[in-house]
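> compute the structure for the input listed below.
(2 chains)
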Amino acid sequence: MKNITLNRFGFQIVALLLVLIITTLILLSVGAQPLQIYKDMLTGSVGSVKKISDVLVSWVPLLLVTAGLLITFAAGLWNIGVEGQVTLGAIGTTMLLRSLQDSGMNPALILGLSILAGMVSGALWAALAGALKTFGGVNEIFGGLGLNFVATALTIFLIFGPWKRPGTGSMSGTEPFAEPLHLTLFENLRLSPWALAVAIVGIVFVYFLLQGTYFGLRLKAVGKNFRAAYLLGIPTWQYMLFSFLLCGALAGAAGALQVTGVYYRLIPAISSGYGYLGLMVAMLINYQAIWAAPIAFFFAALNIGSIQLPILHKLDSSLSGVLQGMLVLFVLLAEGVRQRLTPRT
Amino acid sequence: MEPELILTGLAGVLFAASPIIFAVTGETITERAGVINLSMNGTILLSAMGGFAASSRTDSLLAGFLAGAAIGALVALVVAFASITLKQSQVAVGFVLALTCRDLAYFLGNSYMGVSGPRVPAWDLPGLSQIPVLGQLFFHHDVMTYLSFLVIFLAWAWIFRTRPGLMLQGIGERPASAYVRGANVNLMRYVYTIIGGAIIGLAGPTYSLSVKAGWNGTISGLDGFGWIALSITIFGGWNPLRAAFGAYLFGLLQWLGLALQPSLPNIPSQVLQVAPFPLMILTLLLVNIGDAEWVDRTLASLPESVRRFFTRAFRALRASPPAALGVPFERD
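Numbers count the residues shown, from 1 in each chain, chains lettered A, B, ... in the order given. Predicted coordinates for the structure are as follows:
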């Protein structure tokens, strides 16, 4: 009876079942029919090619953000400021698009440069949180939260101030960009192959960075034991700052693609909570890059499926957030129970 | 501006800050015990919705506040169970709860949107409200605002002036020593996390039944309060008095933003609403920078008189967290 390690997978199944039971009870308490709702959410997310492509539209930013966060988590950092880094990515992209749209340059070149500008802006915003952490001693959670609010304020200021639509500014955002400055879409769908490609490149890059490089190994050493890494001669604060930069660049790419491939303008809620959702995905997959793509797809499907709720059942679409949150919570709790029940050796 | 108008505005700041006061005080007590309750933003929204729903169903204000406190205590219990008993990351569990409770509030509150419900009536304290200036500032509110004044001093007195309070400081600073002195560290952490959670839970109904009565889902204007309150807790250096000062300062800055709006027509009001945040980051920086290593090194290279000034300034501002904050306690 030595060395019994209880099956992790089994505990996760139990957690999933508990989430389903509780969600069903919540639905019953508001007088809804749970089975019908699950069915509508399923057909609303993967019921047709068009729906699946909508899920992928939401999968792209979520996957990019998750990929970025895997880097900061590897360095032991809670980069909650990722939400603001998405926003700044969108702002940087919009800024370059605005200044180049009448320059007569090749639209494809403008688009490429703008997305790059978004990545740089996201990285710089992340570097700010990183500098506050490494040089100012400000915990990255609180610095990041504050910077998120500042990023939102900046967006609103730009939309109602310098970048306002001809006439008066409105919550609907800036003036949309002309057709040539939109990313090409698949025919009859809202999904852009370019955006899809960027997201896939992003997660593959992070997977190999963390699994197959010396840099990734040392980064994980910094995250696992800061003091030991420092004593081993790893330049710890440079590694932390650099992980912020990389995460910010990926989050910035997510924001850039929202502007160039989804909204074609800057809107007040451009980050749409993808940053916070990415943190949840990263936690649920226990920071393993290999699971990021499928779980991010599942979360995106819940988001898209829940759009049916207000339309068909007069319920709030935030049910998806409740499901996602409870799933992460119960998997964390199940892991805790498993560790407690596993005899220590 | 008219002096009368300024006085009304300042009294409004004290009134509007009451939910943040409850939140900050509850979090301060929790963190003093060594536990971070990061779920605050969700807890406040859920307790605001739950409190409003309970009191509009029963037509009893008391039921609303009890429901709010119960929700706060329950969420805190989950944080305590996950972190103390199951040894999971407090930050992770708290963050997940912050998002989940927020969405749960929006989902369950859907049918209470825009419903009219009870509201805590204004109550001028007899006698005291007649005092010129001070009376108008402090004693023309409702019972929850008075309770918010009271809870600041009660928490402060409990932490710094009583024996159990000394033990509370002990389990947050040096749990091992407190354990040797006979404290059941983990049980006390449970108790203080739950009590702190209940106080945080009062913040919600104080908003939805008093400051801005009603439940309006995502446009209630309450989302974000919890994150602000978390920053203010740190700004407050885990001292209820300093935390309350931070909460009022934040309210004052927001009010100034609105009051100055007419003279700054080029800046949209939404920007002025969040103007305190950069200031908040700046203060966090000032509070923490004394701990950074490079500051020590730079200071050491400065001439004696300059160095003494800066060292003193940093020490006055500095706020060190309880040493065992976020660290699980195991007796072995």
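
> show me where pLDDT drops low in the chain?
As the question left the chain open, I've gone with chain A. A:1-6, A:169, A:344-345 (pLDDT under 70).

> chain B, not that one
Those would be B:1, B:266, B:268-276, B:290-291, B:317, B:319, B:331-332, if you go by pLDDT under 70 across chain B.

> look up which helix or strand residue 170 falls in, please.
No chain in the question, so chain A it is. Using DSSP states H and E, A:Ser170 falls within no helix or strand.

> wrong one, chain B
B:Gly170 belongs to helix B:163-173, assigned by DSSP H and E.

> give the buried residues for that helix.
B:Gly165, B:Met167, B:Leu168, B:Gln169, B:Gly170, B:Ile171, B:Gly172, B:Glu173 (16 or more other CB atoms under 10 Å in any protein chain shown). Bear in mind the C-beta positions are built from the backbone N, C-alpha and C, glycine included.

> how about the strands in the stretch 201-345 of chain A?
In the stretch 201-345 of chain A, no strands are found when defined by DSSP state E, counting those that start in this stretch.

> roughly how far does A:Trp291 sit from chain B?
Applying CB to the nearest CB, to the nearest Å, the value for A:Trp291 to chain B is 17 Å.

> the residue nearest to B:Leu38 when sequence neighbours are not counted: what's it in contact with?
Using CB to CB, 6 or more residues apart in numbering or on different chains and skipping residues adjacent in sequence, the residue nearest B:Leu38 is B:Gly94, 2.7 Å away. For B:Gly94, the contact set (CB atoms under 8 Å, 6 or more residues apart in numbering or on different chains) comprises B:Ile36, B:Asn37, B:Leu38, B:Ser39, B:Val79.

> secondary structure class for B:Gly94?
helix (DSSP: H, G, I helix; E, B strand; the rest coil).

> report the longest helix in chain A, please.
helix A:107-136 (DSSP state H).

> quick check: what element follows that one along the chain?
Taking DSSP H and E, what comes next after helix A:107-136 is helix A:140-160.

> what's the offset of that next one from the middle of its chain?
17 Å (CA atoms, centre = their mean, to the nearest Å).

> please name every helix or strand in contact with that helix.
Counting contacts by 3 or more CB pairs under 8 Å, 6 or more residues apart in numbering or on different chains; DSSP states H and E, helix A:140-160 packs against helix A:82-100, helix A:107-136, helix B:225-235, helix B:269-274, helix B:276-289.

> got the angle for the longest one vs helix B:276-289?
In other words, helix A:107-136. Orientation check (axes from the mean of the first three to the mean of the last three CA atoms, to 10 degrees): helix A:107-136 against helix B:276-289 gives 40 degrees.

> does anything pack onto helix A:107-136? Which helices or strands?
Against helix A:107-136 (3+ CB pairs under 8 Å, 6+ apart) you get helix A:82-100, helix A:140-160, helix A:236-257, helix B:276-289.

> what do you get if the cut-off is 10 Å, keeping everything else the same?
If contacts are counted by 3 or more CB pairs under 10 Å, 6 or more residues apart in numbering or on different chains; DSSP states H and E, helix A:107-136 sits against helix A:49-74, helix A:82-100, helix A:140-160, helix A:193-212, helix A:236-257, helix B:276-289, helix B:293-300.

> before we move on, the earlier item: quick one: which of the contacts of B:Gly94 is the most crowded by neighbours?
Of the contacts of B:Gly94, B:Asn37 is surrounded by the most neighbours, 30 neighbours in total, counting by other CB atoms under 10 Å in any protein chain shown.
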